[in-house]
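>>> Need coordinates for the below:
(chains A and B)
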Amino acid sequence: MSEKEYVPKSKAGKWFNDRLPLLSLASHLTDYPTPKNLNYWWTFGGILTFCLLTQIITGIVLAMHYVAHADLAFASVEHIMRDVNYGWLIRYIHSNGASMFFLAVYIHIFRSLFYGSYKSPREIIWIIGLMIYLLMMAAAFMGYVLPWGQMSFWGATVITNLFSAIPLVGDSITTWLWGAYSVDNPTLTRFFSLHYLIPFLILGLVVLHIWALHVPGNNNPVGIDIKKPSKDTVPFHPYITIKDTFALLLFMIIFAGFVFFAPNVLGHSDNYIQANPMVTPAHIVPEWYLLPFYAILRSVPDKLGGVILMFGAIFILFILPWLDTSKVRSAVFRPIYRQFFWILIVDVLVLGYVGAMPAEGIYLVLARVGTVYYFLHFIVILPVVGYLEKTEPVPLSISEPALSGSADYSMAKKDNEKI
Amino acid sequence: MKKFKLFFCILLSLIVFNTLKSAEQIDPIKVDWSFKGLLGKFDRASLQRGYQVYNEVCASCHSMQYLSYRNLGEPGGPEFSEEEVKAIAAGFEVTDGPDAQGEMFTRPGRPSDKFVSPYPNVNAAAAANGGAYPPDMSVLVKARKGGANYIYSVLVGYEDPPPGVKLDEGVYYNKYMIGNKIKMPNNLSDGLVEYADGTEATVDQMAKDVTTFLSWAAEPELESRHKTGVKVILYLVLLSILVFLSMKKIWSRVNPEV
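Okay, here's the model as predicted:
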């Protein structure tokens, strides 16, 4: 790191720090030079950390009362809702927390797409982020199965059946995943086990994500490399911490709005009917955050083709840093890419919409157009636009375009020490 | 502008969600329930009447296995007195055991007992009702699109089938039911129960009362959820104002525009 070596003031502190440099780490985290022009789209990293911890804490409490058994799971959830002190609050925070987590992660991902945060030298941060996103989807899917309602059961049936599309070994793999010859009690117990494991894997990846971030430092809305520390940066604490806290509070207000006043609006009413393998619901739909992928899956008439495209829609993001040929990071200076960015957002929203609709008529047509465009954006538009686009002039430093950028890093640091 | 965009995104995701509501049946009647809205509360008298309708009419076929008799006396619910709850529970025969000799026995119910189900199991319930299992009513309001409005609409939605619609034996026509065919007969008729508080027991009144009762049964935490929610959000708003002002002060050292 570029900052000065940290030496603890107290003797005990120095003794400890020489053996395990936790105090140096804390010092690095508080002083970490951060671009001073980060806007509110950059607060979602902190918000996502909050979401993960909220899910882990509420989840641990729920697991104390939940029973992972096909005959008892549904009743144990009602037990949590009725008999456990504030059980309804803990469960509604956990179930709505999943939606809030995905809302935040989608904003975080699209922020990265807009400002080119995935580009060199931040490819590893981006790839770790995508791995976190994949694990989030797995955790959310398995968590949705646990209440053992109708959508839990049939959602699990549809998703696990996707693996049967694999040639030759598909059926064996599906049976192996189920632990039985259909979705049944062994499926529920293993999903519970994995649902408890995955958040801690995510936590580990989050540490790597932040570690990888702290090597090159944050990207910023202008998208240029900046000197650190310099007059373009502020120390992480208190400047970024206070701003992240403010944004987090606004986010929590929306979160609380759902938890207290519309706790079931993001769920499906069928999941309050206990799972029944003999009765199939009229429409099997996943949770809202998986709908675009569901639309891609169903847009292909062939099962294997649909599965490949659905997974391809995620895996193509892993090579995004090498598909985008533009030297300029931020879409602020990329007039053509900027427009395609907004078209991509509309495309994903359309896919989400048709994912919730029956796969027929106009919806199927829309799903196919949307799917083709999605891949076109990454495979054709991004590389071509990168070559042909005439970008706008990029400033040399953050302070240059700003109206007032008088204070520098060392001054800000000094002020900080006065308090 | 930036905040506007954020809300725009949330709004859009909500619109996407709302499209999940399919349009294959006519919309249920919209009732102005006392428990809707940010400060909604249950109408205590209606809950008590609703319990009476449930107990005298619905309970002969529909179970409510996740409720206990003690719930009837808890705050936010019908709030029967302790003596009333004991009397209600004692009116039911509960199978208990095994005793020291290994025999099962019956005893009068206690407030801690779960609601006694009318049938020993789902198969028995289905067999006694022409093959259709009368669903458990504990979370029925949450388990149906349209919630309370839908339940109420079905209760008052019985009518003669339009010409051309042929119904099998034991199937009835209901304009709000999905597919319009229902195996539950129209069980409500004016004056069917005699309300203790003197309210006239019209079909509409009974349907509203029992739906209110079922809404409480599905969400017994509703009142405390609403009350806590208002406090939580007020607290968060005040805290964000304080944090916003602190942020302005801190950032004024480097950049007045946060």
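
>>> where does the closest residue to chain B within the stretch 101-250 of chain A fall, phi/psi-wise?
For the stretch 101-250 of chain A, the residue closest to chain B is A:Leu249, as judged by C-beta to the nearest C-beta, at 3.9 Å. The C-beta positions use only the backbone N, C-alpha and C, and glycine is treated the same way. Per-residue torsions, A:Leu249: phi -60, psi -40 (degrees, to the nearest 10).

>>> count of neighbours near it?
By other C-beta atoms under 10 Å in any protein chain shown, the residues close to A:Leu249 number 19.

>>> again, but for A:Ser95
Using other C-beta under 10 Å as the criterion, the residues surrounding A:Ser95 number 23.

>>> which residues in chain B form strands?
Assigned by DSSP state E, the strands in chain B fall at B:93-96, B:105-108, B:172-173, B:181-182.

>>> now those as JSON lines including mean pLDDT?
Listed next are the strands of chain B as JSON lines, based on pLDDT from 0 to 100:
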{"stretch": "strand B:93-96", "mean pLDDT": "95"}
{"stretch": "strand B:105-108", "mean pLDDT": "96"}
{"stretch": "strand B:172-173", "mean pLDDT": "94"}
{"stretch": "strand B:181-182", "mean pLDDT": "92"}
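
>>> Throw those into JSON lines and include distance to chain A and mean neighbour count, thanks.
What follows is the strands of chain B, written out as JSON lines (distance: least, C-beta to the nearest C-beta, whole Å; neighbours: other C-beta atoms under 10 Å in any protein chain shown):
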{"stretch": "strand B:93-96", "distance to chain A": "18", "mean neighbour count": "12"}
{"stretch": "strand B:105-108", "distance to chain A": "22", "mean neighbour count": "12"}
{"stretch": "strand B:172-173", "distance to chain A": "20", "mean neighbour count": "17"}
{"stretch": "strand B:181-182", "distance to chain A": "15", "mean neighbour count": "16"}
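
>>> for those, which one sits closest to B:Tyr158?
strand B:172-173 (6.3 Å; C-beta to C-beta).

>>> how about the residues of the stretch 51-200 of chain B near chain A?
Selection of the stretch 51-200 of chain B residues close to chain A by C-beta under 8 Å from any C-beta of the partner chain yields B:65-67, B:71, B:135, B:138-139, B:142-145, B:147, B:178.

>>> hmm, which of the residues you listed are the buried ones?
Burial by neighbour count, judged by 16 or more other C-beta atoms under 10 Å in any protein chain shown, picks out B:66-67, B:71, B:135, B:138-139, B:142-144, B:147 from these.

>>> show me what contacts the residue in the stretch 101-250 of chain B positioned nearest to chain A?
Proximity of the stretch 101-250 of chain B to chain A (C-beta to the nearest C-beta) peaks at B:Gly229, 2.6 Å away. Neighbour list for B:Gly229: A:256-257, A:259-261, B:38 [criterion: C-beta atoms under 8 Å, 6 or more residues apart in numbering or on different chains].

>>> Let's see which of the residues you listed end up in helices.
The helices, defined by DSSP state H, take in A:256-257, A:259-261 from these.

>>> Would you format those residues as CSV with pLDDT included?
Formatted as CSV, the ones in helices among the contacts of B:Gly229 follow (pLDDT from 0 to 100):
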residue, pLDDT
A:Ala256, 98
A:Gly257, 98
A:Val259, 98
A:Phe260, 98
A:Phe261, 97
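
>>> Please dump the residues of the stretch 51-200 of chain B next to chain A into a markdown table; it should also carry pLDDT for every row.
Below are these laid out as a markdown table (pLDDT from 0 to 100):
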| residue | pLDDT |
| --- | --- |
| B:Gln65 | 96 |
| B:Tyr66 | 97 |
| B:Leu67 | 97 |
| B:Asn71 | 98 |
| B:Pro135 | 95 |
| B:Ser138 | 97 |
| B:Val139 | 97 |
| B:Lys142 | 97 |
| B:Ala143 | 97 |
| B:Arg144 | 95 |
| B:Lys145 | 92 |
| B:Gly147 | 96 |
| B:Ile178 | 84 |
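
>>> What is the most widely separated pair among those?
Pairwise over these, using C-beta to C-beta, the maximum falls at B:Asn71 and B:Ile178, 29.6 Å.

>>> Could you list the domains of the chain?
I went with chain A, as the question did not name one. Per the record, chain A has its domains at A:40-284, A:287-391, by automatic domain parsing.

>>> right idea, wrong chain: chain B
B:25-67+B:114-219, B:221-258.

>>> which one of those domains has the most crowded surroundings?
A comparison of those by mean neighbour count, using mean count of other C-beta atoms under 10 Å in any protein chain shown, puts domain B:25-67+B:114-219 on top with a mean of 17.

>>> List the residues that contact A:Ile273.
With C-beta under 8 Å, 6+ apart, A:Ile273 has these contacts: A:149-150, B:135, B:143.

>>> Now with 7 Å, please.
A:Ile273 makes contacts with A:149-150, B:143, as judged by C-beta atoms under 7 Å, 6 or more residues apart in numbering or on different chains.

>>> follow-up on the earlier one: tell me which of the domains of chain B lies nearest to A:Ile127.
domain B:221-258 (31.7 Å).

>>> Tell me the pLDDT of B:Glu24.
Note on B:Glu24: pLDDT of 46.

>>> nope, A:Gly405 is what I was after
pLDDT, A:Gly405: 40.

>>> Report the contact partners of whatever residue of the stretch 251-400 of chain A ends up closest to chain B.
Of all residues in the stretch 251-400 of chain A, A:Phe260 sits closest to chain B, at 2.6 Å by C-beta to the nearest C-beta. Counting by C-beta under 7 Å, 6+ apart, A:Phe260 makes contact with B:225-226, B:228-229, B:232.

>>> if we go to 10 Å?
Going by C-beta atoms under 10 Å, 6 or more residues apart in numbering or on different chains, A:Phe260 touches A:89, A:92-93, A:96, B:38, B:224-233.

>>> Of the buried ones among the residues of the stretch 51-200 of chain B next to chain A, which belong to helices?
B:Gly147.

>>> From the buried ones among the residues of the stretch 51-200 of chain B next to chain A, pick the one nearest A:Ile240.
For these, the closest approach to A:Ile240 (C-beta to C-beta) belongs to B:Lys142, at 41.4 Å.

>>> Could you measure from that closest one over to A:Thr189?
26 Å (C-beta to C-beta, to the nearest Å).

>>> and what of B:Asn123?
Applying C-beta to C-beta to B:Asn123 and A:Thr189 gives a distance of 26 Å.

>>> who touches the closest residue to A:Asn39 other than its chain neighbours in this structure?
Ranked by C-beta to C-beta, 6 or more residues apart in numbering or on different chains and with sequence neighbours excluded, the top spatial neighbour of A:Asn39 is A:Pro221, at 5.6 Å. Under the criterion of C-beta under 10 Å, 6+ apart, the contact partners of A:Pro221 comprise A:35, A:37-39, A:41-42, A:111, A:114-115, A:329-332, A:398.
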